[in-house]
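one predicted model, sequence on top.
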Amino acid sequence: MIHIKKLDDGVPVFKALGSEIRINIIKLLLENKEMSMNEMAKALGVTNGALTSHVRMLEETGIIVVLSERNVHGNKKMCRLKETQIMFDISGDENSGNELIYDTDVRIGHYADYEIFPTCGIATSNNLIGEVDDPRYFAHQDRIDAGILWFGRGYVEYIIPNLLPDATKIDKITISFEISSEAPGVNNDWPSDISFVLNDVYLGTWTSAGDFGDVRGIFTPDWWPVNWNQYGLLKVLTIDKKGCFIDGLKISDVNIDQFKLTYKSVIRFKFQIMDDARNIGGMTLFGSGYGNYNQDIKVHITYSPM
């Protein structure tokens, strides 16, 4: 997801979308998932040369990605969408330079607690850790290097490092992560209700549409089986004074003031598939070396003096 927080920062994206031919390129990739430059030029009725500048602009703004594939005739450039969501957060709450910010990343394998049920598994960017569908391997020492994990039901809980300066309080937490459902094999139509919990307080639920495997993840390793989950969706969870939001859409009235978080607080964040969920379709978390975003769990905290 492209997250635009300031109008000025969004200008390149606005320009990229301000062309009928570039909009048509996006429509083609939405419909076909992946196309070569030659295929797109033919479909649009333009030359490859005329198409190149439009593709480059969409690539520079992060809307599409261009990959080189080798075949018998040499290298072929393949295009696919990198982002399918653009969120505008320009309500006037821009950082004027006075906000105090703390950023940290949490590796996928650095969970502090878990209870999971098959189907399940965990892997580094180089290999599987143990056997699939055996929850015992979530305790394996190699799990700290994990780049992906998945399970059908249960939870994983992380402790967010709290290294804020003394005498400060937390005003807002934003957490971004790449996530999908977990189906046996892959299934783009496999809804799953994924819940979020902060310090044992239920924040809300987001429904993942499926376990995506129609195309290989941009950063998914070559050794990873093609019939396993390939990529997820980048989601942004925000907890502030107004409530809890996913990609700017409110999912509950739980707000940051209820937690009274300070520089001394332990911050525990849980991903969970509830036993009583309507759609128990599991979940997959993608970290560095997997999926389409090559990122771990990113945490952005706004704080102020107490």
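Cool, got the structure.

dump the residue contacts of Leu164.
Tyr102, Ile170, Thr262, Tyr263, Ile301, Tyr303 (C-beta atoms under 8 Å, 6 or more residues apart in numbering). Quick note: C-beta positions are derived from backbone N, CA and C, even for glycine.

likewise Trp190?
Applying C-beta under 8 Å, 6+ apart to Trp190 gives the contacts Ser181, Ala183, Ala209, Gly210, Asp211, Gly281.

mark which of the residues you listed are buried, thanks.
Among the contacts of Trp190, the ones that count as buried by 16 or more other C-beta atoms under 10 Å are Ser181, Ala183, Gly210, Asp211, Gly281.

quick one: low-confidence parts of this structure?
The chain contains residues with pLDDT under 70 at 1, 5, 71-74, 87-97.

what ranges do the helices span in it?
Taking DSSP state H as the criterion, the chain carries its helices at 11-16, 20-32, 37-44, 48-60.

follow-up on the earlier one: a markdown table for the contacts of Leu164, including neighbour count and distance to Val55?
Shown next, in a markdown table, are the contacts of Leu164 (neighbours: other C-beta atoms under 10 Å; distance: C-beta to C-beta, whole Å):
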| residue | neighbour count | distance to Val55 |
| --- | --- | --- |
| Tyr102 | 18 | 38 |
| Ile170 | 22 | 42 |
| Thr262 | 15 | 49 |
| Tyr263 | 16 | 47 |
| Ile301 | 22 | 37 |
| Tyr303 | 21 | 41 |
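
ok, those residues vs Asn32, which is closest?
Closest approach between these and Asn32, by C-beta to C-beta: Ile301, at 40.3 Å.

beta-bridge partners for that closest one, please?
In this entry, Ile301 is beta-bridged to Tyr102, Ile173, by DSSP bridges.

where exactly do the strands run in the stretch 151-300 of the chain?
168-180, 192-198, 201-208, 233-240, 243-246, 249-252, 267-273, 283-286, 297-305 (DSSP state E, counting those that start in this stretch).

neighbouring strands - and their directions - for the second one?
This means strand 192-198. Counting by DSSP bridges, strand 192-198 is paired with strand 201-208 (antiparallel), strand 267-273 (antiparallel).

any idea which of these is most buried?
Most buried of the strands paired with strand 192-198 by mean neighbour count (mean count of other C-beta atoms under 10 Å) is strand 267-273; its value is a mean of 21.

what residues does it touch?
For strand 267-273, using C-beta under 8 Å, 6+ apart, the contacting residues are 112, 151-160, 162, 173, 175, 179, 192-200, 261, 280-283, 285.

the residues you listed, buried ones only, as a PyMOL selection?
Command for PyMOL, covering only those of the contacts of strand 267-273 found buried under the criterion 16+ other C-beta under 10 Å:
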select buried, resi 151+152+153+154+155+156+157+158+160+162+173+175+179+192+193+194+195+196+197+198+261+280+281+282+283+285
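
related to what we said a few turns ago, can you lay out the strands of the stretch 151-300 of the chain as TSV showing distance to His140?
Formatted as TSV, these follow (distance: least, C-beta to C-beta, whole Å):
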stretch	distance to His140
strand 168-180	22
strand 192-198	24
strand 201-208	26
strand 233-240	27
strand 243-246	31
strand 249-252	33
strand 267-273	19
strand 283-286	16
strand 297-305	20
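
for Val106, which of the ones you listed is the nearest?
strand 297-305 (4.2 Å).

ok, Gly121 touching Asn127?
No: with contacts counted by C-beta atoms under 8 Å, Gly121 stays clear of Asn127, the gap being 11.5 Å.

those two: which has the busier surroundings?
The neighbour comparison of Gly121 against Asn127 (other C-beta atoms under 10 Å) goes to Gly121, with 25 against 11.

OK, contacts around the closest residue to that one other than its chain neighbours?
Distances taken as C-beta to C-beta, 6 or more residues apart in numbering put Val132 closest to Gly121, at 4.1 Å, once the chain neighbours are dropped. Residues near Val132 by C-beta under 8 Å, 6+ apart: Thr119, Cys120, Gly121.

quick one: contacts for Asn229?
By C-beta under 8 Å, 6+ apart, the neighbours of Asn229 are Ile148, Trp150, Ser180, Glu182, Ala183, Val186, Asp211, Phe212, Gly213, Thr284.
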